[in-house]
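Student: based on what follows, work out the 3D shape:
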Amino acid sequence: MGEEKLTYVIPGDILAYSEEYLPGRNTLEENSRIVSVTSGEVRKNEKELIASVDNGIKKIRPKNEDIVYGKIIKNDSRQVSVQIVGIEINGKLENYMADGYIRNMQDYKKDDRRAQTVHIGDLIRGKVIRVGQNLEITLSGNRLGVLKSRCSRCREVLVLKNGVLFCENCNRSEMRKIAPDYGAPEFGEMKR
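Tutor: Alright, predicted model coming up:
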């Protein structure tokens, strides 16, 4: 109740002086001045005399069964590394950055060629199965799999034709563990 929302600041802006307020969240004290270290709304708590900056980023703690979105960044013999960029919360896509991995790729193989499951650069929808330092995710499930992919030869976007991903530039097909809505929503333009 003793908090007042003031103005928008960018990093380096002076919020107050250390004689008036204590530095709060997303601020630091520099030469007796309270300075913003991020962009956002200034908040001054008059009761506790704390100046802080609200950058609008929500703290999200993923849990098992959460749906996440990401990009394949490494694919080796032991596991696939995923850069997670979003998480579904109450049916809405929220920005979220984390590292994740898919360990048991043999679950998705249609034959012995592991490279057919996912490729570096593929955009995927997965489900969290273990929370730790990195999130372990799976692509097993009805809605899960690759959402957008590029040709491994020419890097053109692959289109879905008769259940197979096809490169119209190279006139060749590639296999992936595809999501049922492959190519439908543009990645990053999903419900926000």
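
Student: and residue 16, how many neighbours?
Tutor: Each residue near residue 16 was counted by other CB atoms under 10 Å, and the total is 19. Glycine gets a C-beta too; all of them are placed from N, C-alpha and C.

Student: can you give me the buried ones in the helix or strand hosting residue 87?
Tutor: In this assignment (DSSP states H and E), residue 87 forms part of strand 80-89. For strand 80-89, a neighbour-count test (16 or more other CB atoms under 10 Å) marks 80, 81, 82, 84, 85, 86, 87, 88 as buried.

Student: and the first one, what is it in contact with?
Tutor: For residue 80, the set of contacting residues under the criterion of CB atoms under 8 Å, 6 or more residues apart in numbering consists of 72, 74, 101, 102, 105, 117, 118.

Student: give the contact list for the closest residue to the second one other than its chain neighbours.
Tutor: Sequence neighbours aside, residue 81 is the residue nearest to residue 74 in space, at 3.8 Å (criterion: CB to CB, 6 or more residues apart in numbering). When contacts are counted by CB under 8 Å, 6+ apart, residue 81 touches 72, 73, 74, 75, 99, 100, 101.

Student: residue 73 now?
Tutor: Contacts of residue 73 by CB under 8 Å, 6+ apart are 81, 82, 83, 120.

Student: appreciated, that's everything.
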